[in-house]
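>>> Structure, please.
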Amino acid sequence: MRRFQWLRFLGSLGVEFWLPLPLIGLVFWLIIQFITAQNLRLSNYSDRKLEVNQNQPSPSGQILSIKVKVDRQSNSSQVQVQQATSAIQKQEFKIPITESDQLEMAIAKKLNLSVEQVRELIYY
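Presented below is the predicted three-dimensional model:
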């Protein structure tokens, strides 16, 4: 009985309700297709380029940080290097230098890095 009430209600809506519905659906479908085609066509163009710099030597593992403790009394510096390989490893060594410029150059030589890379990673 309830089903017949819904059918009567839908039937009473008339042609002026049912005729525009497929037309509205078609317009929405065309608009969506146009927007999708525009997005797909524009996504193929990329201004970004991948740059590979092979001049810089890469260490055996990625170095996370370089911590330096300068001891002026013994005229040496204690260096701790955290390295990420398969697991995080710590490397410690002592350098008989206390001046920062010479110390950075010695660390760079020991770790096979550039001085700029050492300056980015080091903290005292």
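>>> the helices in this protein, which residues?
2-12, 15-18, 20-42, 100-111, 115-121 (DSSP state H).
>>> And the fourth one, what's buried?
I take that to be helix 100-111. L103, E104, A106, I107, A108, L111 (16 or more other C-beta atoms under 10 Å). (C-beta placed from N, C-alpha, C; glycine too.)
>>> rewinding a little: got the helices of the chain as CSV, with mean pLDDT and distance to L64 columns?
Output for the helices of the chain, formatted as CSV (pLDDT from 0 to 100; distance: least, C-beta to C-beta, whole Å):
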stretch, mean pLDDT, distance to L64
helix 2-12, 71, 68
helix 15-18, 73, 68
helix 20-42, 90, 39
helix 100-111, 89, 12
helix 115-121, 89, 8
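>>> Tell me which of those sits nearest to K69.
Nearest to K69 among the helices of the chain is helix 100-111; the distance by C-beta to C-beta comes to 11.1 Å.
>>> packing partners for that closest one?
Secondary-structure packing of helix 100-111 (3 or more C-beta pairs under 8 Å, 6 or more residues apart in numbering; DSSP states H and E): strand 62-71, strand 76-84, strand 88-95, helix 115-121.
>>> This completes my enquiry, with thanks.
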